[in-house]
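1. okay, structure incoming, though there's no sequence with it:
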């Protein structure tokens, strides 16, 4: 019997548990017998047994973690040791004891229910029902309301930060296994999303989930509930797990939080060896997948050793590592390659900007020393020629190697020789569509004419005959058509024609891309140029029967481009057919696309009347926001393409804001069009979290104030991380700019604007809530767009200067924001500031109750109805 960590109680126990490893897996009855034996050291053995399934366990348990009561110093320690030694007769072969004897005050047990700030973040996920009450019932009979108030100046909670009951929790700064993201996490820790994922050695041990849940509790129990969501994600297939928490608002330094979590993981390593770990927050699927009905088995990647392997030895080292390793599954290796692709494209873009010869980079990457190009991609060839090899591994490697190459091709640092090596992958049928899509993207980015035949053959071999077959294939065929359009070889005309004229609604998705590509390929063919009437019919039919705005716009525009390259007589036929046709859409972008298509079908010449009609439509499409960021991008993208066909209709001023979009494709198109119009514009500097850290304080503040910049949210976040007082004014102005441009109602903000508000609120909350900050938050609360006030309402500061804004939110009665406002206001009801703002808001009265369906408003004071709510 081996016993580890059995010691006397340390301080005041926050959490403690013991792990038993058994000689053989135990069923339910054997486990109950074991718990009875240890009942003296388990807090509530009967409750633990009651929680077990009534029937047999899902699987017998070889390792078991249960709560533990640490002994007092002295004889009690030896009594527990004897009890453990006696358990050898019940099959226990090894035990580990873990405890934490210090904690912060529990947020649920504070005497003052009006605790501030970070404690409210936890409560904000729970709604407190509100009902109406007589205002007289809300008044305290005593005259010392102010003395009892939990708030300091301006209603801000003024309690000192809580202290650890018995010193800081245990910490380590180094562990036996590699940890990705350390020590960088010490500068980058995000309290919104914190956690650590890890890969465990060997096969899963039955019952180890109880150990993981115990360690998760050991980690978070000392912090007194100062977080919102927390869980353990277990990937049983890959023997990996993820301990995570969000909105981890604790009064501890970054070093303390990180090193305490490393200590927790070092305890796990004592029980089950850890192969690799990485600091990582939870994904949205992890947090809310259960609420959304997600049923897929979780996937956890516990680290990425390939990043270091590639940094040391390049692609050749990766091949060697993959061939020699045995700890990681094929799926894990595939995800590692995908992440590596993202890192490499970032590096490639930096190299391209700095000026080294891309050919040197390519030669170093693909030259294996013997001029045998096929050897560097033997994996793909083996899968085709010898299906008896490790097909599963080859499939994953080839799929994500395709993504890696696509990233390099996009960056312009990919040797064209790779095209001949990738083309055979297009012949792999059925479930490998994702890999083939990546290969198609690479071939299109290379614009290599030798790939045209293979792409055309793939289109012929993957025709869609039903809606069931369209799943996956329509995306593959759309990408193939786009790639052929990028290459622009007339040899693709027959295949593209076949794709356009394929019968059935299930072939509609690929038609716009195929028609657009056909126009490009026809333009490269000798005159006279023509298409069969069936092509025009196939393009016009979906315009009349399909009510999808983006598809309608793209199809109209492609039709116009195609008509423009036809011989004059046939072009006129195409124009008349379009003019006589009907369309299912009459909104701005589709109608603009229709008018532009008619102009192109007349040869592209624009008469003055048509120009006068089209200019305002193009202006509106290029400068207006649609319902969401995605819809806005679609409109802008098609409008920019129209601008390239008819540049004389574009106002350069309409393009400037597009040069600051976060999407590089939009920025590049806008710059190219500005250059074509003779109005070139300097590139806006682009910043992310990493590059923002390289700036000194003066430059950081200057760039936050600079409108011509991409990544302002990252700059604001960095200013907040440094707590720069000099950046406060710039951050406030950036937030006000977003609010000033936000539309009323429920329309979404653009993604970068949402991120600016999110970063600004976080940065400003970290300092003092001076009048300017309160004025900003109040403006956000009073804006009619719930997206504007979203970030403030996630964790509203507890400050009585915001009472008026909160009453405004309450009156809007919008979902979770109304409930949060009710809860927030209920904590201040009865105070003088509350009563003043309540009167201004029309005298609604609040009182917590069990009825959560009440609207929380009662305008029973007619004398106050005319009061100014602002």
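-> Okay, I see it. Everything numeric in this text was worked out from a predicted model, so none of it was measured.

2. quick one, grab the pLDDT at residue 586.
-> Residue 586 is assigned a pLDDT of 89 by the prediction.

3. okay, residue 209: pLDDT?
-> Note for residue 209: predicted pLDDT of 93.

4. give the contact list for residue 579.
-> By Cβ atoms under 8 Å, 6 or more residues apart in numbering, the contact list for residue 579 reads residue 598. C-beta here means a position set from N, CA and C on the backbone, and glycine is covered the same way.

5. need the pLDDT of it.
-> Value for residue 579, per-residue pLDDT: 95.

6. cool, residue 820 as well?
-> So residue 820 comes in at 91 (pLDDT).

7. I figured it hits residue 790, correct?
-> No - using Cβ atoms under 8 Å, residue 820 is not in contact with residue 790, being 10.7 Å away.

8. ok, those two, which is more surrounded?
-> Taking other Cβ atoms under 10 Å, residue 820 and residue 790 do not tie; residue 820 has more neighbours (24 against 17).

9. just the element for the nearest residue to that one once chain neighbours are set aside, please.
-> Nearest residue to residue 820, sequence neighbours excluded (Cβ to Cβ, 6 or more residues apart in numbering): residue 793, at 5.4 Å. Residue 793 belongs to helix 790-794 when assigned by DSSP states H and E.

10. go on, residue 643?
-> Using DSSP H and E, residue 643 sits in helix 629-645.

11. helices or strands up against the helix or strand following that helix?
-> Where DSSP H and E defines the elements, the next helix or strand beyond helix 629-645 is helix 664-676. Packed against helix 664-676 by the contact rule (3 or more Cβ pairs under 8 Å, 6 or more residues apart in numbering; DSSP states H and E) you find helix 629-645.

12. the helix it packs on vs helix 664-676, what angle?
-> For helix 629-645 against helix 664-676, the angle by axes from the mean of the first three to the mean of the last three Cα atoms, to 10 degrees is 30 degrees.

13. what mean pLDDT does the helix holding residue 793 have?
-> Looking at helix 790-794 alone, the average pLDDT works out to 90.

14. what packs against it?
-> If you count contacts as 3+ Cβ pairs under 8 Å, 6+ apart, helix 790-794 packs onto helix 751-765, helix 771-782, helix 815-826.

15. and with 6 Å instead?
-> helix 751-765 (3 or more Cβ pairs under 6 Å, 6 or more residues apart in numbering; DSSP states H and E).

16. measure how far the helix it packs on is from the centre of its chain, please.
-> The chain centre lies 16 Å from the centre of helix 751-765; the measure is Cα atoms, centre = their mean, to the nearest Å.

17. what lies in contact with that helix?
-> Helix 751-765 has contacts (Cβ atoms under 6 Å, 6 or more residues apart in numbering) with 629, 662, 712-713, 716-717, 719-720, 731, 734-735, 738, 773, 791-792.

18. nearest to residue 203 among these?
-> residue 717 (41.7 Å; Cβ to Cβ).

19. quick one, phi/psi of the closest one?
-> Residue 717 adopts backbone torsions of phi -60, psi -40, taken as degrees, to the nearest 10.

20. who does the longest strand seen in the chain pair with, and is each partner parallel or antiparallel?
-> Assignment by DSSP state E gives strand 15-26 as the longest strand of the chain. Strand 15-26 sits in its sheet next to strand 61-67 (antiparallel), strand 92-100 (antiparallel), going by DSSP bridges.

21. how far out from the middle of the chain is it?
-> Distance, stretch centre to chain centre, for strand 15-26: 37 Å (Cα atoms, centre = their mean).

22. so for it, mean pLDDT?
-> Per-residue scores along strand 15-26 average to 94.

23. mind listing residues that contact it?
-> Here strand 15-26 makes contact (Cβ under 6 Å, 6+ apart) with 60-65, 67-68, 70, 91-100, 206, 211, 214, 217-218, 221, 271.

24. next structured bit after it?
-> Counting by DSSP H and E, the next helix or strand C-terminal to strand 15-26 is helix 28-37.

25. just the strands in the chain please.
-> Using DSSP E, strands in the chain cover 2-4, 15-26, 61-67, 92-100, 130-131, 179-180, 193-200, 229-235, 240-246, 274-279, 847-848.

26. quick one, the third one and helix 28-37 angle?
-> So that's strand 61-67. 40 degrees.

27. residues making contact with strand 61-67?
-> 17, 19-22, 25-26, 42-43, 205-208, 210-211, 214.

28. could you flag which of these are buried?
-> 17, 19-22, 25-26, 42, 205-208, 210-211, 214 (16 or more other Cβ atoms under 10 Å).

29. list the buried residues of stretch 467-477.
-> Buried residues in stretch 467-477, counted by 16+ other Cβ under 10 Å: 470, 472, 473, 474, 475, 476, 477.

30. how far out from the middle of the chain is that stretch?
-> Per Cα atoms, centre = their mean, the centroid offset for stretch 467-477 relative to its chain is 26 Å.

31. what lies in contact with that stretch?
-> The contact list for stretch 467-477, computed with Cβ under 6 Å, 6+ apart, reads 433, 436, 437, 462, 464, 506, 509, 510.

32. measure the second one to residue 476 for me?
-> I take that to be residue 436. In this view, residue 436 and residue 476 are 6 Å apart by Cβ to Cβ, to the nearest Å.

33. and for residue 445?
-> For residue 445 relative to residue 476 (Cβ to Cβ), the value is 16 Å.

34. can you check residue 196 too?
-> Relative to residue 476, and taking Cβ to Cβ, residue 196 is found at 38 Å.

35. count of residues packed around the nearest residue to residue 466 once chain neighbours are set aside?
-> Leaving aside its chain neighbours, residue 466 sits nearest to residue 506 (6.2 Å; criterion: Cβ to Cβ, 6+ apart). Neighbour count for residue 506, taken as other Cβ under 10 Å: 18.

36. what's near enough to touch residue 506?
-> By Cβ under 6 Å, 6+ apart, the contact set of residue 506 is 464, 467, 470.

37. before we move on, back to that, any chance of the contacts of stretch 467-477 in JSON lines, plus pLDDT?
-> Formatted as JSON lines, those follow (pLDDT from 0 to 100):
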{"residue": "433", "pLDDT": "71"}
{"residue": "436", "pLDDT": "83"}
{"residue": "437", "pLDDT": "84"}
{"residue": "462", "pLDDT": "88"}
{"residue": "464", "pLDDT": "89"}
{"residue": "506", "pLDDT": "88"}
{"residue": "509", "pLDDT": "92"}
{"residue": "510", "pLDDT": "94"}
